[in-house]
Structure formats: structure tokens, C-alpha cells
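Student: I'd like to go over a predicted model; first the sequence, then the structure.
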Amino acid sequence: MNTVGVIAEFNPLHKGHEYLLQTAKKQCGAEYVIVIMSGSFTQRGEPAIYDKFVRTRWALSCGADLVIEMPTAAACASAKDFARCGVSLLAACGSVSHLAFGCENADLPQLMTLSRLLSTEPRLYKQALKQALKEGLSWPAARGHALTVLAKESCAGIDLPPKAALEQLLKQPNNILALEYLQAIHETKTQFNHSITPVPIQRIFAGYHDTSLSKSFCSASALRQAILNGGHSDRFLCHFPEGIRQDAAEVIETEPAMTRDALSSMLVLRLLNTGEEDLARILDMDPYLNGRIHNMTEYFTGFDDFAGRLATRAYTGTRISRVLLHILLGIQSSHRQDLIRCHYAPYLRILGFKKSSAPLLGQIKKNCQAPMISRPAAASRQLISPQAQQLFDLDTYAARIYQSLQSIKKGTPVPHEFRQKLVIL
């Protein structure tokens, strides 16, 4: 029985995501699709525009058979940790044969070559990377520069694309994630004894950062922006899959769309009550950024504005937003160590499934290498390590923050997630 895994945020789910789910199932000859999905917060360092239960319902309506939540510590982390956790959770299911992912460059041999380089780090690559970081380039830019140096030098036995093509490839977030997925598949084989086959799927829709709605397939960024801008919903509802369009219209009408600036009051309170010593424990913090945040807090007027003030050539806006979110949620470097000790698969938190996926659930229960959690209120009895408990406690805290923001925006209490039912279609 082939089962394909997809790692996603679905923030929100659009027609391009439906295409990915359906194409993945078809290309892999899979009976089932398992989605590892971010929960309340995302890798961009912001709250998901709609809650994880809404997004789970949409995913199940558009081709997924089972949705598992990625732990918050990984969902809000760098591409490397995000990919490693997603792959590890799929491997821990014990039933996944393929991993499908959308990318701008679907040339698997070329992606594999680049992935091996990033894993082995030849001497010339490490030298170029160190020099680029020293010159103030951000980590993504420095890594791209180091790979182009390798391409220029035409290292023996290394077949890389031309410098211009390589630079373009490494500018695309989905290509970067694809490389991380390939590394993670290789690095997790021994731990989980899996044989997951990577399946890159060519993106036919808009680029990750494209904010235009003019194309048949828009990006999630464009759809989020259109929702937040308001106006007549007919202008953007057509970009939701037909099967969830009516549901999406009702959600947009009745549920508040969440943004980073909704976190502003909570964030500034946390900044004012957190000294430099405590900030130093935050994941992805370094001494320079610590001092910069501490010195500029008096200029705080909102999350987005503050992130913009902190950004420099060496610190991308996304990285700054992630660090600020880490401060707000209390995500520390120790949480990353907890992930590592749990091999990035501390538990399988089930968000929802289709009734027709009963055989898949039975197989996972038989073969899984991590506790399956379907009732979060009873999770403590299932978790097998203090590290897993720490990570689950963080998930619960993040969900409470998100729930509080929803309640404030709606003007009516939103139920605690422990009282939310599994999404079953």
C-alpha cells in the first residue's frame, strides 16, 4: 500500500495546494495522503490566518486522508528544522512510501547533487560560506553564494548548473525546502529504517512571494493579502478549490483573519519584562540581535514595524519575525534540543482524518515509532519522555495564545483546544 506524505502550512489552502495533493497521489500511485501541517503559527513568524481545525477541514476536503500537526518548536523554525521534523514525523508513521513537495525546479538529479553538497560541505564551500557570513550576508544568501563559488570553480566530480541558474534556483523558498527535505530523508534513514522516495512536483502556480491574483493559481501570500485587504470576496474566492469555496466564504465572513500585528500588545509586554540574559536563551538569538532588540524596544509601535526596524542585510525580515515570535511564545534553544533528543518526532498529534482512511490509521497504530495523540487532554499519559512533554506543553501554550487572540477579535470566547473535536469527514 503506497502512502504519500506532504508537509505544508495551507495558510490558507488554495487551488495550487489541491493540485499538489491530487498530483502527488496520482504520481505515486498512492491510496492515501498524509499531511504534516503547521498548527497555530507558521515558519514566517506569524499566526496562521485561520486556525488549524479550519485548515484541517479544508485539507481533508481537497485530497488529504490524515492531517498531523507539526510541533510548534519546528513549525516556527528555520527551513532545516521544519523539513527535518516533517520528514521525521512521516517516517515515524511507519507507513509512508513517498514524500511529495512542490518546487520551482523539479529536476531531482540536480536537486540531489545540491543536497549532497550541503550535507558533505566540501572545503571550498565551507571557506566561501564563512567569508560570506563574515561580510554580512544572511545565512540563505551566504549559502547560495558558497554554492555559486563551487559552480564557478567547476569542482571535479560535481555537476552544478551555471552560476546564474544556480542563483535563481536558490532564491526560491520552495527549492530551498526541497533541498532540506532531501537532506532530511537521507539523514533519517538509519533512525527510522524508512525507504521514503522523494517526488518533486513542478509548481505551475504563482511564485511564493507573488502578490498578484491575476493568475489561475495564486500564491498563499497573495490570497492572505487579498483577504486582509477586505473588499468584495468574489475577487479572491475563485482561488479557493471549488469543493471548499462555500466553506471558505463562510469562514472569511465569520472568523477573524489573524496577523502578526494582532500579537503586538503581547509582544511588547514580553519585551519589557524580558532582560538580555533571558533573551539569550531564545531560539535563533545571537548577541548582536539581542542587544539590538533590547536597545530598540522603546521605538516599538507594532510587530511588523518593529521587525522592519530590526532587519539588516545579515538578518532577513523572516528571520527577525521568527525570533520575535520565539520571544512571544517562549521558544528557547532548549526546545530545539528537545526536538533533537526526540529525533524530531516526539508524537503524532492527529488533527483530523477521513472515515475512509481507517485502514491507514490501523497500519500506523501497528507500525508507528512515536505516540499517537488523538485526545490532547490525555496526552501526558501517552508521552514517553520529558522532552516530548516540554514540546507538547509549548504546543498547548501556543494554542492558548492563538485562542485568546481569536476571542479578543471576535468578542466572544473561543473554546480551549482540549475541547475541540477531531475533524472527521
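Tutor: In hand now; what should we look at? Worth saying up front: this structure is predicted, and the values here are computed from it rather than measured.

Student: Name the residues of stretch 328-341 that come out as buried.
Tutor: Buried residues in stretch 328-341, defined by neighbour count with 16 or more other Cβ atoms under 10 Å: Leu328, Leu329, Gly330, Ile331, Gln332, His335, Arg336, Asp338, Leu339. (Each C-beta comes from the backbone N, C-alpha and C, glycine too.)

Student: Switch the residues you listed over to TSV; also include distance to Gly86, pLDDT and secondary structure.
Tutor: Output for the buried residues of stretch 328-341, formatted as TSV (distance: Cβ to Cβ, whole Å; pLDDT from 0 to 100; DSSP: H, G, I helix; E, B strand; the rest coil):
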residue	distance to Gly86	pLDDT	secondary structure
Leu328	23	98	helix
Leu329	19	98	helix
Gly330	23	98	coil
Ile331	17	99	coil
Gln332	21	98	strand
His335	17	99	helix
Arg336	15	98	helix
Asp338	17	99	helix
Leu339	12	99	helix
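
Student: from these, which is closest to Ser88?
Tutor: Checking the buried residues of stretch 328-341 against Ser88 with Cβ to Cβ, the nearest one is Leu339 at 8.8 Å.

Student: Who are the contact partners of the closest one?
Tutor: Pro71, Ala73, Ala74, Asp81, Cys85, Pro346, Gln387, Leu391 (Cβ atoms under 8 Å, 6 or more residues apart in numbering).

Student: residues touching the last one, list them.
Tutor: Read that as Leu391. Leu391 neighbours (Cβ under 8 Å, 6+ apart): Pro71, Thr72, Ala73, His335, Asp338, Leu339, Cys342, Pro346, Tyr347.

Student: As TSV, those with distance to Pro140 would be great.
Tutor: Below are those laid out as TSV (distance: Cβ to Cβ, whole Å):
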residue	distance to Pro140
Pro71	23
Thr72	22
Ala73	21
His335	22
Asp338	25
Leu339	21
Cys342	27
Pro346	27
Tyr347	30
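
Student: what's the closest of those to Ile408?
Tutor: Closest to Ile408, out of all of the contacts of Leu391 and judged by Cβ to Cβ, is Thr72, at 20.2 Å.

Student: I figured Asn367 was touching Cys93, is that so?
Tutor: Yes: Asn367 is within contact range of Cys93, at 7.3 Å (criterion: Cβ atoms under 8 Å).

Student: quick one: the helices in the stretch 301-425 of the chain?
Tutor: Using DSSP state H, counting those that start in this stretch, the helices of the stretch 301-425 of the chain run over residues 303-310, 317-329, 333-341, 358-367, 386-410.

Student: Looking at the shortest one now, give me its mean pLDDT.
Tutor: Computed over helix 303-310, the mean pLDDT rounds to 97.

Student: From Leu361, how far off is Leu228?
Tutor: 37 Å (Cβ to Cβ, to the nearest Å).

Student: who's more crowded, these two?
Tutor: Applying other Cβ atoms under 10 Å to Leu228 and Leu361 shows that Leu361 carries more neighbours, namely 18 against 11.

Student: Okay, now the unreliable bits of the stretch 1-150 of the chain?
Tutor: Scanning the stretch 1-150 of the chain for pLDDT under 70 picks out nothing.

Student: Would you map the helices across it?
Tutor: Counting by DSSP H, counting those that start in this stretch, the helices of the stretch 1-150 of the chain are 15-27, 52-61, 72-75, 79-93, 108-120, 123-134, 139-153.

Student: domain assignment for the protein?
Tutor: Listed domain ranges for the chain are 3-104+182-255+337-424, 108-171, 260-335 (source: automatic domain parsing).

Student: Val414: neighbouring residues, count only.
Tutor: So Val414, with other Cβ under 10 Å, has 18 neighbours.

Student: Could you export the buried residues of stretch 328-341 as a markdown table, including distance to Ala151?
Tutor: Shown next, in a markdown table, are the buried residues of stretch 328-341 (distance: Cβ to Cβ, whole Å):
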| residue | distance to Ala151 |
| --- | --- |
| Leu328 | 40 |
| Leu329 | 39 |
| Gly330 | 42 |
| Ile331 | 36 |
| Gln332 | 38 |
| His335 | 36 |
| Arg336 | 31 |
| Asp338 | 38 |
| Leu339 | 33 |
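
Student: sorry, back to before: out of Asn367 and Cys93, which sits in the more crowded spot?
Tutor: Cys93 (26 against 12).

Student: Might you report the residue contacts of the nearest residue in space to Ala75 that is not next to it in sequence?
Tutor: Distances taken as Cβ to Cβ, 6 or more residues apart in numbering place Ser38 nearest to Ala75, at 4.0 Å, with adjacent residues excluded. Applying Cβ under 8 Å, 6+ apart to Ser38 gives the contacts Ala8, Glu9, Asn11, Ala48, Lys52, Glu69, Met70, Ala75.

Student: Just give me the neighbour total for the last one.
Tutor: The local packing of Ala75 (other Cβ under 10 Å) involves 25 other residues.

Student: I'd say it and Thr42 touch.
Tutor: Yes: using Cβ under 8 Å, Ala75 makes contact with Thr42 at a distance of 6.5 Å.

Student: Need the residues touching each of the two.
Tutor: The contact lists of Ala75 and Thr42 share Glu9, where a contact means Cβ under 8 Å, 6+ apart.

Student: Would you mind giving the contacts of Leu339 as a markdown table with distance to Asp234 added?
Tutor: Converted to a markdown table, these look like this (distance: Cβ to Cβ, whole Å):
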| residue | distance to Asp234 |
| --- | --- |
| Pro71 | 38 |
| Ala73 | 39 |
| Ala74 | 37 |
| Asp81 | 39 |
| Cys85 | 38 |
| Pro346 | 43 |
| Gln387 | 48 |
| Leu391 | 42 |
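
Student: If you rank these by neighbours, which is first?
Tutor: Pro346 (30 neighbours).

Student: from the buried residues of stretch 328-341, which single one is nearest Lys134?
Tutor: Closest to Lys134, out of all of the buried residues of stretch 328-341 and judged by Cβ to Cβ, is Arg336, at 24.6 Å.
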